[in-house]
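Colleague: Sequence plus predicted model, see below.
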Amino acid sequence: MFIRIALLMSIVWVMSLTRPLMTLFGVELSGRSLILAGGGLFLIFKSTREIHDNLEGEATPSTRRAQRGVVCRRHHPDSAARHRLFARLGDHRRRHGGVRRRS
């Protein structure tokens, strides 16, 4: 209850900030106009970000890592050769019963 009253009183205080602080290109800017413009820009940014996340999906750390790995593998010059080498090793291990350890 106290928080609601404090928020309402802060809105009343912001709306009373009508004294011009500066003039920019012939337009007088008050504290109220600066706070309202900042809040409007914030809302535009947040809504644009939310729309983008809904369309593209949020980038979580695991998806960022996966995307970065795909780019690195795609452009790494030895990636195809390394893939063939490990594929051959895997085939060799399957045919010969795994890795033999000396006792």
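Modeller: Alright, I've got the coordinates. Residues are numbered from 1 along each chain as shown.
Colleague: mind checking which helix or strand of the protein has the lowest mean pLDDT?
Modeller: helix 61-75 (a mean of 56; mean pLDDT, DSSP states H and E).
Colleague: Only the buried residues of the strand or helix carrying residue 46, if you could.
Modeller: Assessed by DSSP states H and E, residue 46 sits inside helix 31-56. For helix 31-56, burial by neighbour count (16 or more other C-beta atoms under 10 Å) applies to residue 32. In this view, the C-beta of every residue, glycine as well, is placed from N, C-alpha and C.
Colleague: and if you look at stretch 2-21?
Modeller: Within stretch 2-21, no residue counts as buried by 16+ other C-beta under 10 Å.
Colleague: hmm, back to that, other SSEs contacting the helix holding residue 46?
Modeller: For helix 31-56, the packing partners by 3 or more C-beta pairs under 8 Å, 6 or more residues apart in numbering; DSSP states H and E come out as helix 2-15.
Colleague: and the helix or strand that the helix it packs on is followed by, which strands flank it?
Modeller: Reading on from helix 2-15 to the C-terminus, the next helix or strand found by DSSP H and E is strand 20-24. In the sheet, strand 20-24 lines up against strand 27-30 (antiparallel) (DSSP bridges).
Colleague: low pLDDT regions in the chain?
Modeller: Scanning the chain with the threshold set as pLDDT under 70 gives 58-103.
Colleague: The helix holding residue 46 vs strand 20-24, what angle?
Modeller: Here helix 31-56 runs at an angle of 70 degrees relative to strand 20-24 (axes from the mean of the first three to the mean of the last three C-alpha atoms, to 10 degrees).
Colleague: Okay, and the beta partners of residue 20?
Modeller: residue 30.
Colleague: Now do it against residue 36, distance only.
Modeller: Computed as C-beta to C-beta, to the nearest Å, the residue 20 to residue 36 distance reads 15 Å.
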